[in-house]
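Undergrad: give me the fold of what follows.
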Amino acid sequence: MQSLILSIVGLSVLCHLSLARGCCVPKQWTGDMGFMVGTNRNGKGGYQAGMVKIFYDARNGKFAEFSKGVVDGRPFEGGVIMDFETGVQYTFMDGHCNTTRLSQKEFKEACIPEEAKAVSDTHMGTADDSLDVTVYQMARKRIGGNSYFTITNKLCVPVGETITGTLPRSGMGYMSTVGYTGIEPGIKDPRVFDKPRICSSQVEEGFVDLYLKFGFLNHEMSSIF
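TA: Below you'll find the model as predicted:
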């Protein structure tokens, strides 16, 4: 089933952030990211959908996300916790966990990538009750896609993103759409970054490649994370 899960942990792209040319998201926040993904491989369609709970802490070098959803009607539950203070990553899904070293040593903040181009300054809502945002476009060469994502002009908060393309490795066509809601400043309970009970304290040799373990959308669904 793991080879089919293309969208379990939508924001671990923290591992491959680009150099920032624009604003960076707030230093500490929590929020929800809903996602829907449609795929087509040799004429066979598929879908994934679910919700990701995000905990982002640039001040202390920690990041966590917890996901629940379905892949072609089959449920899954999992997540990733990254602690850059200890250099340890916990990757867990459906009752199984890997405790490994982080593949990068330093926490990199989530910022608008250098290669992103602003294509529209607009607003959401009505003129009397609106939120000013900027829409960016960026090519996603690794996943053979093209992305449009929206960021608020104030505070640099992610709003949503749509990516379409064809995976170079498999030739599978896809379209993914994500939306962020319920974003609040700060981390109310830092215990979200603690080692899960199902995970071992003993660190395994090597690294867990999130791309290979969960599929491309595990850490390719967002252009800034």
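Undergrad: thought Gly171 was touching Thr39?
TA: No. Contact criterion CB atoms under 8 Å: Gly171 and Thr39 do not qualify, at 11.1 Å. All C-beta spots, glycine's among them, are computed from the backbone N, C-alpha and C.
Undergrad: ok, these two, which is more surrounded?
TA: Using other CB atoms under 10 Å, the more surrounded residue of Gly171 and Thr39 is Thr39, with 23 against 11.
Undergrad: what strand or helix carries that one?
TA: Using DSSP states H and E, Thr39 sits within strand 28-41.
Undergrad: buried stuff in that strand?
TA: Residues of strand 28-41 classed as buried: Gln28, Trp29, Thr30, Gly31, Met33, Gly34, Phe35, Val37, Thr39 (neighbour count, 16 or more other CB atoms under 10 Å).
Undergrad: same question for stretch 46-56.
TA: In terms of neighbour count (16+ other CB under 10 Å), stretch 46-56 has its buried residues at Gly46, Gln48, Gly50, Val52, Lys53, Ile54, Phe55, Tyr56.
Undergrad: so what's Tyr47 up against?
TA: By CB atoms under 8 Å, 6 or more residues apart in numbering, Tyr47 lies in contact with Met36, Val37, Gly38, Thr39, Val71, Asp72.
Undergrad: picking up where we left off before, and whichever helix or strand comes after the strand holding Thr39, what's its mean pLDDT?
TA: Per DSSP H and E, strand 28-41 leads on to strand 44-57 as the next helix or strand towards the C-terminus. Strand 44-57 shows an average pLDDT of 92 in the prediction.
Undergrad: repeat that for stretch 184-202.
TA: Average pLDDT, stretch 184-202: 95.
Undergrad: all strands of the protein, in order?
TA: Counting by DSSP state E, the chain has strands at residues 20-24, 28-41, 44-57, 62-71, 74-83, 88-93, 96-101, 111-113, 117-126, 129-140, 145-152, 158-166, 173-185.
Undergrad: one step back: just put the buried residues of stretch 46-56 in a markdown table and tack on distance to Val203.
TA: Compiled in a markdown table, the buried residues of stretch 46-56 are given as follows (distance: CB to CB, whole Å):
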| residue | distance to Val203 |
| --- | --- |
| Gly46 | 35 |
| Gln48 | 30 |
| Gly50 | 29 |
| Val52 | 25 |
| Lys53 | 25 |
| Ile54 | 24 |
| Phe55 | 22 |
| Tyr56 | 24 |
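Undergrad: I am finished for the moment; much appreciated.
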